[in-house]
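J.: Show me the folded form of this:
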Amino acid sequence: MKAADFDHLRPDTMLNAVEAALGIEMTGLATPLPSYINRVYEVQSIDGERFIPKFYRPGRWSRQALQDEHDFVLECASAEIPVIAPLKLTNGQTLQESEGIFFTIFPKRYGRPLEINTDEDWIRVGSLLGRVHAVGCQSEAQARTNIHPASSTAEHIAYLLDHGLVTTQQQQPFADVTSRILDLIVELFDDIELIRIHGDCHCGNLLDRPGEGIMLIDFDDMMVGAPIQDLWLLLPDHADNCQREVNLLLTGYNQFRDFEEHTIRLIEPLRAMRIIYFLAWCSRQINDFKFRALYPEWGSDVFWQREINDLNHQLQIIKAHLKKISACP
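T.: Numbering: from 1, shown residues only. Alright, predicted model coming up:
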């Protein structure tokens, strides 16, 4: 099955693949779950057990990149960290293929998105991430994206410009602002520890399970990067306005792993890098009918003017933050 045929994955095809992968008979339940990138369902066995099969978007990740994700999650589970690990399938692995589409299957776990309301909540999340990163630093993920401005961000910028995705009038302003951002931040990443991280750690990927605690889910965007990447996405505002929340996260984190506090200065550069990453990510989805429905103005001249303004604004925030840091004794 080619990438263009991804949307033709039918419930009966999916259920047949799941039955073969688990070696058990399923009912006709096939409830699609919200997921733009992949195709995710909730299914039920004849015995009433619920499962979540996940069919990965063709062409997005290589088999090795998907295996990197599974290995990381399984190592976390072995360390008794609350994650949802993929099940071992009839082929003896956690990853299987059906008509050209890689898929895996998870057990169904209930919970609600975490709301961080108290100091204790911040500390608990920091503790969880400290434990995850203690596992993440123990091995490598050769096939996963390396979050570094000189590599991943520079590649995203080149892709957008080289493929004519930025409108003609906005190409030079976009090239100028992204070049200034890279010139300012690249050296900040020199000699920074890069390890396996979750990569997309926001509250939507943290489940609050009453009586059990916090569970980290969805390692689909697992990357290799600075540990601070998994912390800053949780913050309610820019770094200069969130010192209290950062301190609470680190109180929990440092119980399990020493945090390099000088990497806090990477928060605002990482925010700029995420803006550029998201632009490049969107550009690869523009031919998907769902994308056009969700982002009808994407790629217009007005759209790029707005994005360039946002990047210029973020550039000023980075400058101000770095100036403030350099002024501290």
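
J.: Report the rounded mean pLDDT for the host helix or strand of Asp310.
T.: If you go by DSSP states H and E, Asp310 is part of helix 301-327. On average, the pLDDT along helix 301-327 is 94.

J.: Sketch out the helices for the stretch 51-200 of the chain, chain order is fine.
T.: Using DSSP state H, counting those that start in this stretch, the helices found in the stretch 51-200 of the chain span residues 63-78, 119-136, 154-162, 171-185.

J.: in the stretch 1-150 of the chain, which segments are predicted with low confidence?
T.: Residues of the stretch 1-150 of the chain meeting the criterion pLDDT under 70: 1-8.

J.: Now do the strands in it.
T.: Applying DSSP state E, counting those that start in this stretch to the stretch 1-150 of the chain gives strands spanning 26-33, 39-45, 50-55, 96-98, 101-107, 112-113.

J.: okay, those strands in TSV with mean neighbour count and distance to Ala272 next?
T.: C-beta here means a position set from N, CA and C on the backbone, and glycine is covered the same way. Formatted as TSV, those follow (neighbours: other CB atoms under 10 Å; distance: least, CB to CB, whole Å):
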stretch	mean neighbour count	distance to Ala272
strand 26-33	13	32
strand 39-45	18	30
strand 50-55	20	31
strand 96-98	17	37
strand 101-107	20	32
strand 112-113	11	26
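
J.: Now do the contacts for the closest residue to Ala20 other than its chain neighbours.
T.: Excluding the flanking residues, the one nearest Ala20 by CB to CB, 6 or more residues apart in numbering is Thr90, at 6.8 Å. Counting by CB atoms under 8 Å, 6 or more residues apart in numbering, Thr90 touches 20-23.

J.: mind running it again at 10 Å?
T.: Taking CB atoms under 10 Å, 6 or more residues apart in numbering, we find Thr90 in contact with 19-24, 96.

J.: cool, Ser179 as well?
T.: Applying CB under 10 Å, 6+ apart, we find Ser179 in contact with 154, 157.

J.: now do the one 3 residues further on
T.: With contacts defined as CB under 10 Å, 6+ apart, Leu182 is in contact with 149-150, 153-154, 157, 269, 272-273, 276.

J.: Apply 8 Å and report the result again.
T.: Applying CB under 8 Å, 6+ apart, we find Leu182 in contact with 149-150, 153-154, 157.

J.: quick one: it from Ile318, how far?
T.: According to CB to CB, to the nearest Å, Leu182 and Ile318 sit 11 Å apart.

J.: Just put the contacts of Leu182 in CSV and tack on distance to Trp122 and neighbour count.
T.: Formatted as CSV, these follow (distance: CB to CB, whole Å; neighbours: other CB atoms under 10 Å):
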residue, distance to Trp122, neighbour count
Pro149, 28, 25
Ala150, 32, 14
Thr153, 29, 26
Ala154, 34, 16
Ile157, 34, 21
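
J.: can you put the residues you listed in JSON lines and add distance to Ile228?
T.: As requested, the contacts of Leu182 are exported to JSON lines (distance: CB to CB, whole Å):
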{"residue": "Pro149", "distance to Ile228": "14"}
{"residue": "Ala150", "distance to Ile228": "17"}
{"residue": "Thr153", "distance to Ile228": "16"}
{"residue": "Ala154", "distance to Ile228": "20"}
{"residue": "Ile157", "distance to Ile228": "22"}
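
J.: Of all pairs in the residues you listed, which one is the farthest apart?
T.: Maximum pairwise distance among the contacts of Leu182 (CB to CB): 11.1 Å, between Ala150 and Ile157.

J.: With Ala77 as the reference, measure out to Ile185.
T.: Taking CB to CB, one finds Ile185 at 35 Å from Ala77.

J.: what do you get for Asn312?
T.: Taking CB to CB as the measure, Asn312 falls 44 Å from Ala77.

J.: domain parsing for this structure?
T.: 3-109, 142-207+219-242+260-327 (automatic domain parsing).

J.: Need those in TSV (columns: distance to Arg131).
T.: Listed next are those as TSV, based on distance: least, CB to CB, whole Å:
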stretch	distance to Arg131
domain 3-109	5
domain 142-207+219-242+260-327	12
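
J.: Ok, which of these comes nearest Val125?
T.: The nearest among the domains of the chain, by CB to CB, is domain 142-207+219-242+260-327 at 6.5 Å.

J.: which residue packs closest to Tyr300, ignoring adjacent ones?
T.: Residue 300: Ser, not Tyr. Thr167 (7.2 Å).

J.: mind checking pLDDT for the residue lying closest to His198 once chain neighbours are set aside?
T.: Nearest residue to His198, sequence neighbours excluded (CB to CB, 6+ apart): Asp230, at 5.1 Å. What the model reports as pLDDT for Asp230 is 98.

J.: can you tell me the helix or strand for Asp230?
T.: Assessed by DSSP H and E, Asp230 sits inside helix 229-232.

J.: Dump the C-alpha coordinates for that helix into CSV.
T.: In CSV, the C-alpha atoms belonging to helix 229-232 read as follows (Å, rounded to 0.1, in the frame of the first residue of the first chain):
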residue,chain,number,x,y,z
GLN,A,229,12.9,20.2,25.6
ASP,A,230,10.6,18.0,27.6
LEU,A,231,10.2,20.6,30.3
TRP,A,232,9.6,23.9,28.6
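
J.: residue contacts, Pro26?
T.: Careful, residue 26 is Met and not Pro. Met26 is in contact with 15, 18-19, 43-46, counting by CB under 8 Å, 6+ apart.
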